[in-house]
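> sequence unknown, structure follows:
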C-alpha cells in the first residue's frame, strides 16, 4: 500500500510540473479543430493529465484550452484561471448565489479571495470579507467588499450576525481552510446548513 505522496509521483521520467500556461499553438493532433493553429491560448488549470506545462513547450488536451484575452500580458493571461475558476465553481456552480445572497469570504486578500469578491459582485451578492491585517481594509473595500472584518478580533459569529442584520450568511467561501472554520459554521443562516465551500 502506497502513501499519498508516492501515489502522486510521476510514473515516467523525465517529467515536468505545473499547469496554468499561455502560448501559441504550433502543432495539433489529427482530431483537433485546425482553427486552433497559430492562436494564442491559455490552458485551464488542473487538467494536465500527466504532462507538466512549465517549459518551452507543452502538450495539452484541446478540451482544456481557451483563447487568451488579447489585452492581457502572458503573465496575466496565465494567472487568472486558477483563482477565477475556483471562485466560479464554488460560488455559482456549487453555491448558487444570487443578488440576495450574503457571502462570507475568508482570507479575502488571497488571489482566490479577490476573485470571489469579483464573482459575488458580478452576481449582485453581498460580500463580507475577512482579513488578519487591519491595514488591508481599504484595499478590500477598493476591490469591492461590502463589509470587511478583522479576523484577529474575537467572537466572529456575533460580528457576522451584526453586519447581516442578525440573519447570518448564506454561504462561506474559505480558500485556505483556516482555523476559523468552526466559528464560520455558527455564522451560517438557518436555511443554509450545507453551503460551505472549502478549497483543498
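Now that the structure is in, tell me what you want to look at. In this text the structure is predicted, and so the values were computed from the model without any measurement.

> and the strands in this protein?
With DSSP state E, the ranges of strands along the chain come out as 22-24, 40-43, 65-67, 102-105, 126-131, 147-150, 171-174, 196-198.

> check what pLDDT residue 150 gets.
Looking at residue 150, its pLDDT reads 87.

> again with the one 3 residues further on
Confidence at residue 153, expressed as pLDDT, is 55.

> re earlier: want to throw the strands of the chain into a markdown table with mean neighbour count?
C-beta: built from backbone N, CA, C; applies to glycine. Below are those laid out as a markdown table (neighbours: other Cβ atoms under 10 Å):
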| stretch | mean neighbour count |
| --- | --- |
| strand 22-24 | 17 |
| strand 40-43 | 20 |
| strand 65-67 | 14 |
| strand 102-105 | 29 |
| strand 126-131 | 26 |
| strand 147-150 | 18 |
| strand 171-174 | 26 |
| strand 196-198 | 18 |
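
> could you dump those to JSON lines with distance to residue 91?
Below are the strands of the chain laid out as JSON lines (distance: least, Cβ to Cβ, whole Å):
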{"stretch": "strand 22-24", "distance to residue 91": "25"}
{"stretch": "strand 40-43", "distance to residue 91": "21"}
{"stretch": "strand 65-67", "distance to residue 91": "20"}
{"stretch": "strand 102-105", "distance to residue 91": "7"}
{"stretch": "strand 126-131", "distance to residue 91": "10"}
{"stretch": "strand 147-150", "distance to residue 91": "17"}
{"stretch": "strand 171-174", "distance to residue 91": "6"}
{"stretch": "strand 196-198", "distance to residue 91": "7"}
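
> for residue 75, find the nearest of the ones you listed.
Among the strands of the chain, strand 22-24 comes nearest to residue 75, with 8.3 Å by Cβ to Cβ.

> pull the distance from that closest one to the chain's centre.
Taking Cα atoms, centre = their mean, to the nearest Å, one finds strand 22-24 lying 22 Å from the centre of the chain it belongs to.
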